[in-house]
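Enquirer: Whatever this is, show me its structure:
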Amino acid sequence: MEPTCSIETFVGLEKEWHALMAQAQDPLVFMTPQWQKAWWEVFGKGRELLLLTLRRNKELIAVAPLFREASKVAFLGDVDLCDYHDVVVKRGEPPETYRALFDALADLQWSALELSCL
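Expert: Prediction:
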């Protein structure tokens, strides 16, 4: 079955995100839902949360923690506070997983994509 992308919120996603971190290719503290949510609660004012998720058969296989500010889309976090940003992807997922996320991202309205500290 083809994976499906959607925009979700922290509510209801945290438990699945924790489970995904345990199976992630590169589980970094900066990518945990606790870190991302704490950053968002402090610095998210005036920005639109874009937790882009990818599911296969309802199983969460990837999360791209992003926000939109004006016409710019960027990772949650700040280069002064987070050493690394990335997409959380289940270990063993094929490269097409990233393609599906970026295809969904391309459907959103933005003119600048800032993916710092990958």
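
Enquirer: As a check, name the ranges of all strands in this structure.
Expert: 4-8, 48-56, 59-69, 72-75, 88-89, 112-114 (DSSP state E).

Enquirer: As CSV, those with distance to Trp35 and mean neighbour count would be great.
Expert: Backbone N, C-alpha and C define where each C-beta goes, glycine included. Below are the strands of the chain laid out as CSV (distance: least, CB to CB, whole Å; neighbours: other CB atoms under 10 Å):
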stretch, distance to Trp35, mean neighbour count
strand 4-8, 17, 14
strand 48-56, 13, 19
strand 59-69, 9, 20
strand 72-75, 12, 20
strand 88-89, 11, 24
strand 112-114, 19, 12
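
Enquirer: could the ones you listed be laid out in a markdown table, adding distance to Val42 and mean pLDDT?
Expert: Below are the strands of the chain laid out as a markdown table (distance: least, CB to CB, whole Å; pLDDT from 0 to 100):
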| stretch | distance to Val42 | mean pLDDT |
| --- | --- | --- |
| strand 4-8 | 20 | 65 |
| strand 48-56 | 13 | 89 |
| strand 59-69 | 13 | 91 |
| strand 72-75 | 15 | 88 |
| strand 88-89 | 21 | 90 |
| strand 112-114 | 19 | 81 |
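
Enquirer: out of those strands, which comes closest to Pro27?
Expert: Nearest to Pro27, of all these, is strand 88-89, at 7.9 Å by CB to CB.

Enquirer: For the closest one, name the packing helices and strands.
Expert: Applying 3 or more CB pairs under 8 Å, 6 or more residues apart in numbering; DSSP states H and E, we find strand 88-89 packed against helix 14-22, strand 59-69.

Enquirer: Having no further points to raise, I will conclude here.
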